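need a 3D model of the sequence below.
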Amino acid sequence: MSFGSDIHDKPGPLSSPIERRHTTFPCESIPYVLSTADAAVILLSSLIGGTLYQWSIGNPTPNLLPHCAVGLLASFIHILRISGGGYYDFQYASKPRVEAVDILVSWVTTGLLLAFFAFLLKIGVAYSRGAFVIFFFLAPVGLLGVRKVSKLVLARAIALGMIGRRDMVLIGDQLELSVLEPRDLLAFFGAGDVNRFMLSKDEDPLEREANDIRVVNSVANFVRERNAREILLAVPWTDSARIDFIREHIKVLPVSVRLLPDMRVRSLTDYSSSARQNIMSVEILGAPLSLLEQGVKRLVDIVLASIALVFFLPVMLLTAIAIKLDGSGPVIFRQFRKGFNGQQFVMLKFRTMTVQENGPSVTQATRNDPRVTGIGKLLRASSIDELPQLINVLSGEMSLIGPRPHALAHDSQFEKMLSDYAFRHHVKPGITGWAQCNGARGATPKIEQIQERVKLDLWYINNWSLWLDFQIVVKTFFEVLRKRNAF
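Just a heads-up that it's a prediction; the model follows:
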């Protein structure tokens, strides 16, 4: 009976970053390094082109400001143009062939756009055609050279184990994992060192299922601890029952899950050229928000939360004084909640009740609840008690907009009642959300009420956009004025 590796007694990664001899460079940083290198080459080529041309016409002190501006514009156009096809992605960049055609086509397109802008803006006087010609032919030489050098450096780093896929997990059965050679891992992952988990090889169905559950649970813990963003499956495509089993048990995680081609599928393709092409895989679960969307949402959170914190600081100071004058007890109420990916954090609120429940049993507030203090009634009705959560937003534990987090005791109860409840943790919890601005706030004594709230939360997750977040902010303002279900 085996559900881990032949070396480990417990299910876990067959190769863990903790056990590596070398300090691994995060592969998710590779696109930024490569794009920065290309930008530097283009900018330097523009400056060299301008300098050489000015010297050729007898001008020893050229004005390099126009050439710097053109270089920056060209860098932006070229990087934007070529990155759309995954040119800077780790898997693509680590393949040995230099994409000469892609680079040249992108650069010619960039040159034509620059010429169009020069004609449109009439900047020919400040930027000479001679300098542009030198720049136009010099830059692609540098881009090709940098690409070749970067591939050699990446190949060497991969061979030494200096680059690893800490953001990716590989789950597979024993046979499929055993036939994945270093060449295959390089083609699939862009690295020969990944976090691998082996499924059970038991023949008995009950033992196999029990051990697979333990492996999947280990994967879930690993994903949460290491903040992994992608899971790949290496199991036979004919084993649909196992694929469905893993998909069902892993869907609570906010990660993308892709099914790799198995041995039979690879044998039917020209797999010998895998190093020169994108490898086919099937996405069986999608992440709710892409990395770019998460980054944009985080940036908006930081900017708006900082402004809101400064704006509401006088209100918060007056509130703290009022709470202290109203009676004994702390100003801030702290309670454990579940956040993104089910990770626990301490949520902050102004204290509005005489009790501070934060254990396995938490009683929800009701209308005319005797535990609510005099000042607490005003704070809860106006939602001023939620303002300290701006600190949670700035610390990255919460977002301005998202599903409202519940007390841990209620989370455990609701997860047992509703199978889709855990999907709320696919995004960061929010100070307000789509459910709250549609009236689904306050106590949830009936299952129908929590069902409606979860339904609205999941709709938000599946339909997220910045425009939707803006609408929620506006609707929340009017919802606070209405004081619906606020007690």
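
pLDDT averaged over stretch 306-324, what's the number?
For stretch 306-324, the mean per-residue pLDDT is 94.

same question but for stretch 87-96, I mixed them up
Averaged across stretch 87-96, pLDDT comes to 78.

pull the CA atoms of that stretch into PDB?
Listed in PDB are the C-alpha atoms of stretch 87-96, where the atom choice follows Å, rounded to 0.1, in the frame of the first residue of the first chain:
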ATOM      1  CA  TYR A  87       7.000  35.100 -25.300                       C
ATOM      2  CA  TYR A  88       8.300  36.000 -21.800                       C
ATOM      3  CA  ASP A  89       6.600  33.000 -20.000                       C
ATOM      4  CA  PHE A  90       9.000  30.600 -18.300                       C
ATOM      5  CA  GLN A  91       8.100  27.600 -20.300                       C
ATOM      6  CA  TYR A  92       8.400  29.400 -23.600                       C
ATOM      7  CA  ALA A  93      11.700  31.200 -22.700                       C
ATOM      8  CA  SER A  94      13.400  28.100 -21.500                       C
ATOM      9  CA  LYS A  95      13.100  26.200 -24.800                       C
ATOM     10  CA  PRO A  96      16.400  26.200 -26.700                       C
END
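
I'd like the numbering to begin with 772 instead of 1 from here.
Renumbered: residue one is now 772, and that last one reads stretch 858-867.

so where's the stretch 922-1071 of the chain shaky on pLDDT?
Counting by pLDDT under 70, the low-confidence segments of the stretch 922-1071 of the chain come to 930-938, 953-964, 1040-1051.

okay, helices next: where are they in it?
All helices of the stretch 922-1071 of the chain, identified by DSSP state H, counting those that start in this stretch, fall at 945-949, 953-960, 976-997, 1011-1021, 1034-1038, 1062-1097.

so which of those is the most surrounded?
Highest mean neighbour count among the helices of the stretch 922-1071 of the chain (mean count of other CB atoms under 10 Å): helix 953-960, with a mean of 18. (Glycine included, C-beta is placed from N, CA and C.)

just checking, what packs against the helix or strand containing Gly820?
Gly820 is located in helix 801-827, with elements delineated by DSSP states H and E. Helix 801-827 is packed against helix 836-854, helix 861-864, helix 900-930, with contacts defined by 3 or more CB pairs under 8 Å, 6 or more residues apart in numbering; DSSP states H and E.

how far off helix 900-930 does that helix point, in degrees?
Using axes from the mean of the first three to the mean of the last three CA atoms, to 10 degrees, the interaxial angle of helix 801-827 with respect to helix 900-930 works out to 150 degrees.

before we move on, the earlier item: lowest average pLDDT across the helices and strands packed on helix 801-827?
With a mean of 75, helix 861-864 has the lowest mean pLDDT of those.

residues of that one that come out buried?
Phe861, Gln862, Tyr863, Ala864 (16 or more other CB atoms under 10 Å).

who are the contact partners of the residue nearest the centre of the chain?
For the chain, the residue lying nearest the average C-alpha position, counting by CA atoms, centre = their mean, turns out to be Leu1062 (3.6 Å). Leu1062 makes contacts with Arg1000, as judged by CB atoms under 8 Å, 6 or more residues apart in numbering.

doesn't Gln1171 belong to a helix?
Just to correct that, residue 1171 is Leu rather than Gln. No. Checked against DSSP: H, G, I helix; E, B strand; the rest coil, Leu1171 lies outside a helix; its state is strand.

and the gap between it and Val1198?
Distance check for Leu1171 against Val1198: by CB to CB, to the nearest Å, it reads 12 Å.

before we move on, what about Ile1055?
Look at Ile1055 and Val1198: by CB to CB, they are 20 Å apart.

how about JSON lines for the helices of the stretch 922-1071 of the chain, with distance to Ser854 added?
Putting these into JSON lines (distance: least, CB to CB, whole Å) gives the following:
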{"stretch": "helix 945-949", "distance to Ser854": "32"}
{"stretch": "helix 953-960", "distance to Ser854": "20"}
{"stretch": "helix 976-997", "distance to Ser854": "26"}
{"stretch": "helix 1011-1021", "distance to Ser854": "30"}
{"stretch": "helix 1034-1038", "distance to Ser854": "29"}
{"stretch": "helix 1062-1097", "distance to Ser854": "11"}
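
nearest to Ala886, out of those?
Using CB to CB as the criterion, the shortest distance between Ala886 and those is 30.4 Å, found for helix 1062-1097.

re the thing from before, which stretch among the helices of the stretch 922-1071 of the chain comes nearest Ser846?
helix 1062-1097 (19.3 Å).

can you map out the helices along the stretch 1122-1258 of the chain?
With DSSP H, counting those that start in this stretch, the ranges of helices along the stretch 1122-1258 of the chain come out as 1145-1153, 1160-1165, 1179-1188, 1218-1233, 1237-1253.

of those helices, which shows the lowest average pLDDT?
Taking each of those in turn, the lowest mean pLDDT turns up on helix 1179-1188, with a mean of 80.

that helix - contacts with which helices or strands?
Other elements packing on helix 1179-1188 under the criterion 3+ CB pairs under 8 Å, 6+ apart are strand 1103-1109, helix 1218-1233.

what mean pLDDT would you report for the shortest one?
In this model, strand 1103-1109 has an average pLDDT of 90.

residues in contact with that strand?
Surrounding strand 1103-1109, the residues in contact under the criterion CB under 8 Å, 6+ apart are 1115-1124, 1127-1129, 1133, 1159, 1176-1179, 1182, 1196, 1200.

element containing Lys1120, please.
Secondary-structure element containing Lys1120, defined by DSSP H and E: strand 1115-1121.

and Phe1241, how close does it get to Ser1170?
From Phe1241 across to Ser1170, the span is 14 Å (CB to CB).

quick check, pLDDT for the closest residue to Pro1059 other than its chain neighbours.
Of all residues not flanking Pro1059 in the chain, His1197 sits nearest, at 4.3 Å (CB to CB, 6 or more residues apart in numbering). Per-residue pLDDT puts His1197 at 87.

run a quick neighbour tally on His1197.
Other residues near His1197 number 23, with proximity taken as other CB atoms under 10 Å.

before we move on, what about Gln1115?
Using other CB under 10 Å, Gln1115 is surrounded by 13 other residues.

can you tell me, leaving aside adjacent residues, what's nearest to it?
Spatially, and ignoring its direct neighbours in sequence, Gln1115 is nearest to Phe1107 (5.4 Å; CB to CB, 6+ apart).

neighbours of that neighbour, how many?
The criterion is other CB under 10 Å. On that basis, Phe1107 has 15 neighbouring residues.

any chance of the helices and strands packed on helix 801-827 in JSON lines, with distance to Glu978 too?
As requested, those are exported to JSON lines (distance: least, CB to CB, whole Å):
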{"stretch": "helix 836-854", "distance to Glu978": "48"}
{"stretch": "helix 861-864", "distance to Glu978": "36"}
{"stretch": "helix 900-930", "distance to Glu978": "37"}
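
which one of those helices lies closest to His1020?
Closest of those to His1020 is helix 861-864, at 26.8 Å (criterion: CB to CB).

which strands or helices does the closest one pack on?
Contacts of helix 861-864 with other secondary structure elements, assessed using 3+ CB pairs under 8 Å, 6+ apart, are made with helix 801-827, helix 900-930, helix 953-960.

how about the first one: buried residues?
Spelled out, that is helix 801-827. Buried residues in helix 801-827, counting neighbours by 16+ other CB under 10 Å, are found at 801-802, 805-806, 808-810, 812-814, 816-822, 824-825.
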